[in-house]
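In: with the sequence up front, the predicted model follows.
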Amino acid sequence: MEAPATFTGTGEYERSFNPRDYLSEYYRLSDGQGRPNAFLMQNLRSLAKVFALEGLGGDTLLDVGCGPTIYQLLSACERFQEIVAMDYTPQNRRELESWLRNEPGAFNWQPVVQYVCELEGDRGKWAEKEEKLRGKVKRVLKCNVTKANPAAPVSLPPADCVLSTYCLEAACPDLPAFRRALRSIGGLARPGGHLVLLTSLGTTYYGIGEQVFSCLRLEEAAVLEAVEGAGFEVRFTQLQPYPAGIGRTDMQATLVLAARRRGTA
Ligand SMILES: C[S@@+](CC[C@H](N)C(=O)[O-])C[C@H]1O[C@@H](n2cnc3c(N)ncnc32)[C@H](O)[C@@H]1O
């Protein structure tokens, strides 16, 4: 498998991104042989650590490029009162809404929720956490991170935190576009508000079933520079090597980052 000849844009996401295949390839806690998903587990541990940082909390959190997933919100929902989830692709928003409505046939996140509850000290609280998260996600909106107002035509009040996991590098074909998108999504946070990013490094593609999607090949220094350039002060970083055996991708590592928007409200 190799990167597509031309960068996959929003059209390809709308036509070809299959949320169920994506979830079963990357987001099951263990595979058919019971082997643990080290990629997912290390992301969950990092998110637990980030959302336990001093001062990282508030009323509103925006999850930009949420995809069909909820793993990124499991620690966050303990620190924020209201969550707005946003993604370009309609089938991803529908998949997320299906879990939020607890519909039969929705993806089973229970093992993942149990794992996070165990990290937080009580595995038995998984059902309570699922209900808490369902209650806190107030809206699921369309967004486009390549637009100056990613939530247009909706105008959102400045948020206490913007979270984005593995989205910008999938949406931006080059570094100038990545920098612009960071400025746009960063502008959704209030001065003094937070930015939490999980960004894949060294990646040119990721596969889902037969489909292959492009990824902007990033290095840590370029991401840090873009975050600072978007008006944020970096407070926390962690580099995680990509464990072999999960999905089909040439991802090298994940950069986990928390930053604070300069200025005061
Ligand atoms: C690799 S998935 C990441 C999904 C999820 N955040 C996660 O952590 O697994 C990339 C996501 O970016 C979304 N996306 C692609 N282009 C976008 C754009 N221009 N604006 C907003 N979202 C976009 C896709 O629909 C997809 O859900």
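Out: All right, it came through fine. Numbering: from 1, shown residues only.
In: okay, now the residue of the stretch 1-150 of the chain found nearest the ligand: neighbour count?
Out: At 2.5 Å from the ligand, G67 is the closest residue in the stretch 1-150 of the chain, using CB to the nearest ligand atom. In this view, the C-beta of every residue, glycine as well, is placed from N, C-alpha and C. G67 is flanked by 26 other residues according to other CB atoms under 10 Å.
In: wait, is it part of a helix?
Out: No: applying DSSP: H, G, I helix; E, B strand; the rest coil, one finds G67 to be coil, outside a helix.
In: ok, it touching A170?
Out: No: the pair G67 / A170 is not scored as a contact, 9.2 Å apart, by CB atoms under 8 Å.
In: thinking again about what came up before, name the nearest residue to the residue of the stretch 1-150 of the chain closest to the ligand, ignoring sequence neighbours.
Out: In this structure, G67 finds its nearest non-sequential neighbour in N92, 5.0 Å apart by CB to CB, 6 or more residues apart in numbering.
In: can you tell me how far the one you found is from L23?
Out: According to CB to CB, to the nearest Å, N92 and L23 sit 10 Å apart.
In: for the residue nearest to the spatial centre of the chain, list each beta-bridge partner.
Out: Taking CA atoms, centre = their mean, the centroid of the chain lies closest to T165, which sits 2.3 Å from it. Note on T165: beta-bridge partners L198, judged by DSSP bridges.
In: touching, it and Q72? I think so.
Out: Yes: counting by CB under 8 Å, T165 sits close enough to Q72 to count as a contact (4.7 Å).
In: list the helices and strands the least confident helix or strand in the chain by mean pLDDT packs on?
Out: Ranked by mean pLDDT, DSSP states H and E, the weakest helix or strand in the chain is strand 248-249, scoring a mean of 92. Judged by 3 or more CB pairs under 8 Å, 6 or more residues apart in numbering; DSSP states H and E, the packing partners of strand 248-249 are strand 205-208.
In: and the strand it packs on, which strands flank it?
Out: By DSSP bridges, strand 205-208 pairs with strand 211-214 (antiparallel), strand 248-249 (antiparallel).
In: ok, and which of these has the densest surroundings?
Out: Among the strands paired with strand 205-208, strand 211-214 has the highest mean neighbour count (mean count of other CB atoms under 10 Å), at a mean of 20.
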